[in-house]
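Participant: mind looking at a prediction? Sequence and model below.
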Amino acid sequence: MTVRCIDISHHQDFPDFDLVRESGVIAMIHKATEGSSYVDKNRARNITEAMRAGISCCTYHWLSPGSSPTEQMEFYLETVNPVHGERMVIDYEQDGCVLEDLREAVSVLKADPRNLKVTVYSGHLLKEQLGTVCDEYLAESTDLWLAHYTGGEPTWSSATYPEWKLWQYTDEGSVPGIHTDVDLDEFNGSDDELLDWITPSIEKILPRVEVDIRIDIPDGIEVSILVNGVELACLR
């Protein structure tokens, strides 16, 4: 089966995204933040390079117990600075997190005026906490990215989510251009539907603009390159 979607973090370093795209990958989800202070330093460069290679991207936040979900989501929003209609993922898997934390985190993203699309990533934690009960708020406000490593059919909290949108079926995958194990994901739909799911709404309306800027930098001068407030490189 051709891998169409992957998710990565700094653990995969800086992949060769031309090779990744040539292998068939068309979508990628990258870790952005964790808790209320950690930023994945590889995200900006990796997403820029992935998009240049023709891979559509979005990001996720690892929700941590012990600190305010509202503060964590505000930190995530400030770090990513999403565009209108961007998909944002809450990684809900750490022991100590409770459903009230998840609902609060979702409510912050849904209240953002940019009409964000919200997905919950989880495996056994969410399934065990929801059981057979339908959580109407989560059902109406989010969809499910399921984590379940099995050789058979996956199981999930189907009372809340009648179907999963994305299924992370292994964390030991192999993709050309990435020199470590990588998470592989299956989308519940066609390639076109996957791209529609992961692409910000505004990109479906506005044409994509590529800008090539060349600057001669004298020796000894330090230059920081930022795009929309995100540092892509620091040259010395």
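Facilitator: Perfect, thanks for sending it.

Participant: give me the beta-bridge partners of the one residue sitting closest to the centre of the chain?
Facilitator: By C-alpha atoms, centre = their mean, the chain has its centre lying nearest to residue 59, at 2.6 Å. Beta-bridge partners for residue 59, by DSSP bridges, are residue 30, residue 88.

Participant: same question for residue 119.
Facilitator: Going by DSSP bridges, residue 119 forms beta bridges with residue 89, residue 143.

Participant: mind listing the strands for this protein?
Facilitator: Secondary structure of the chain (DSSP state E): strands located at 5-8, 27-34, 38-39, 56-62, 87-91, 117-122, 143-147, 166-173, 182-187, 223-227, 230-235.

Participant: ok and the fourth one relative to strand 87-91, angle-wise?
Facilitator: So that's strand 56-62. Angle between the axes of strand 56-62 and strand 87-91 is 30 degrees (criterion: axes from the mean of the first three to the mean of the last three C-alpha atoms, to 10 degrees).

Participant: may I have strand 56-62 exported as PDB, CA atoms only?
Facilitator: Provided in PDB are the C-alpha atoms of strand 56-62 (Å, rounded to 0.1, in the frame of the first residue of the first chain):
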ATOM      1  CA  SER A  56      -0.100  19.500   2.300                       C
ATOM      2  CA  CYS A  57       0.400  20.000   6.100                       C
ATOM      3  CA  CYS A  58      -1.100  20.800   9.400                       C
ATOM      4  CA  THR A  59       0.100  20.700  13.000                       C
ATOM      5  CA  TYR A  60      -0.700  19.100  16.400                       C
ATOM      6  CA  HIS A  61      -0.300  20.100  20.100                       C
ATOM      7  CA  TRP A  62       0.500  17.500  22.800                       C
END
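
Participant: was I right about the residue nearest to the centre of the chain contacting residue 31?
Facilitator: Yes - the pair residue 59 / residue 31 is scored as a contact, 7.1 Å apart, by C-beta atoms under 8 Å. (Glycine included, C-beta is placed from N, CA and C.)

Participant: mutual contacts of these two, please.
Facilitator: Shared contacts of residue 59 and residue 31, defined by C-beta atoms under 8 Å, 6 or more residues apart in numbering, are found at residue 43.

Participant: look up how far residue 162 lies from the residue nearest to the centre of the chain.
Facilitator: 26 Å (C-beta to C-beta, to the nearest Å).

Participant: likewise for residue 129?
Facilitator: Here the criterion is C-beta to C-beta. By it, residue 129 lies 18 Å from residue 162.

Participant: was I right to think residue 103 contacts residue 140?
Facilitator: No - with contacts counted by C-beta under 8 Å, residue 103 stays clear of residue 140, the gap being 11.4 Å.

Participant: which of these two has more neighbours?
Facilitator: The neighbour count for residue 103 versus residue 140, taken as other C-beta atoms under 10 Å, is higher for residue 103 (15 against 9).

Participant: report pLDDT for the more buried one.
Facilitator: Residue 103 carries a pLDDT value of 98.

Participant: list the contacts for it?
Facilitator: Contact analysis of residue 103 by C-beta under 8 Å, 6+ apart lists 135, 137, 138.

Participant: residue ranges in this protein under the pLDDT threshold?
Facilitator: 202-212, 214, 224, 226-236 (pLDDT under 70).

Participant: what segments of it are helices?
Facilitator: Applying DSSP state H to the chain gives helices spanning 17-22, 43-52, 69-80, 99-111, 124-130, 136-141, 191-198.

Participant: out of these, flag the one nearest residue 10.
Facilitator: Among the helices of the chain, the nearest to residue 10 by C-beta to C-beta is helix 43-52 (8.0 Å).
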